[in-house]
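>>> Give me a 3D structure for the following:
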Amino acid sequence: MLTQSSTRVLEPADLGAALAVLDSAPVENAFVTARVQLAGLDPWRLGGEMWGWYSGGHLTSLCYSGANLVPICATPEAVRAFADRARRAGRRCSSIVGPAEPTAHLWRLLEPSWGPARDVRAHQPLMTADQPSATVEADPLVRRVRKDEMDVIMPACVAMFTEEVGISPLSGDGGLLYQARVAELVGSGRAFARIEDGKVLFKAEIGAATRQACQIQGVWVAPEHRGKGLSETGMAAVLRYALADVAPVVSLYVNDYNAPARAAYRRVGFEEVGAFMSVLF
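I've put the predicted structure just below:
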């Protein structure tokens, strides 16, 4: 145990202490918690390093450094230490994402050496629900995607990612990693869609899941079917599945400029409880 304020790369033996920090904010930390519960703290299995900030000899803040840079329960002092470490290491991530306040602080410190970013989404409302929708009827045609439907779901996933992020997930490695991630979600029963005549009308996935909370991602409606309420009835269906089979709290975060989506989620029963921020490179 460190006896002063310091930061270091965590090791597998630090797993219990790291999980205690993650569990202190189960909704905000669902994405990283799910990875750590599955892979532990070994960088090879985790897909990145977990940095720990110690104050008075106790682990109080974390930062996941992999494909994303994610500050976790990060105090201002911890953010400064994480920024110093990230600056020395050089940028290896494709985004910085996390709770808005520490993420904004982290980006202010890193922007002079890492900037400019391709896009900065400074306020992305974090929304949660812990009950099935009381106002929107769940679409009975939304169901789990079968393993033999990968060829059907992949074009919708690629379209969603490209619209949301601004680049295609097929660039670079030809989409091998992205296809593997979609296959993982389908195989684990966390991909949902309404499919008619071999075409996806609505889709969404539960991208991260722990015993305490899960996070919906990848919500998409086929362009020709937008404006028909499919996002609301589809989300009501996914929410029902998630609460019944996955976790007692369901979350998502959405771009603040996407007023129609925010309104649709509110009608389904989601409430805004905080905000995330994303910096995309």
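
>>> contacts for whichever strand or helix holds T233?
Per DSSP states H and E, T233 falls inside helix 230-245. Identification of contacts with helix 230-245 by Cβ atoms under 8 Å, 6 or more residues apart in numbering yields 129-133, 136-140, 142, 144, 189, 192, 194, 201-204, 206, 214, 216, 219, 221, 250, 261, 264-265, 267-269. Quick note: C-beta positions are derived from backbone N, CA and C, even for glycine.

>>> Whichever of the residues you listed end up buried, select them in PyMOL.
Of the contacts of helix 230-245, the buried ones go into a single PyMOL selection, burial set by 16 or more other Cβ atoms under 10 Å:
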select buried, resi 129+132+133+136+138+139+142+192+194+201+202+203+204+206+214+216+219+221+250+261+264+265+267+268+269
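
>>> Among the contacts of helix 230-245, which ones are in strands?
129, 144, 192, 194, 201-204, 206, 214, 216, 219, 221, 250 (DSSP state E).

>>> Any idea how far apart the tips of stretch 187-195 sit?
One end of stretch 187-195 to the other measures 17 Å (Cα to Cα, to the nearest Å).

>>> now that stretch: mean pLDDT?
Mean per-residue pLDDT for stretch 187-195: 97.

>>> ditto for stretch 32-42
Stretch 32-42 carries an average pLDDT of 97.

>>> Then stretch 236-250?
Rounded mean pLDDT across stretch 236-250 is 98.

>>> Name the residues of that stretch that are buried.
Those would be 236-243, 246-247, 249-250, for stretch 236-250 by 16+ other Cβ under 10 Å.

>>> that older thread, between the helix holding T233 and strand 214-221, how many degrees?
Interaxial angle of helix 230-245 relative to strand 214-221 (axes from the mean of the first three to the mean of the last three Cα atoms, to 10 degrees): 150 degrees.

>>> How far away from the center of its chain is helix 230-245?
Distance, stretch centre to chain centre, for helix 230-245: 18 Å (Cα atoms, centre = their mean, to the nearest Å).

>>> what's the following helix or strand after the worst-scoring helix or strand of the chain on mean pLDDT?
Using mean pLDDT, DSSP states H and E, the weakest-scoring helix or strand in the chain turns out to be helix 171-174, at a mean of 81. Sequence-wise, the next helix or strand downstream of helix 171-174 (DSSP H and E) is helix 176-187.

>>> Next, give me the two most distant ones among the buried residues of stretch 236-250.
Distance extremes for the buried residues of stretch 236-250: the farthest pair is A237 and V249 at 17.6 Å, using Cβ to Cβ.

>>> Enumerate residues external to the least confident helix or strand of the chain that contact any of its residues.
Here helix 171-174 has no contacts from other residues, using Cβ under 8 Å, 6+ apart.

>>> in it, what's buried?
Result for helix 171-174 [16+ other Cβ under 10 Å]: no buried residues.
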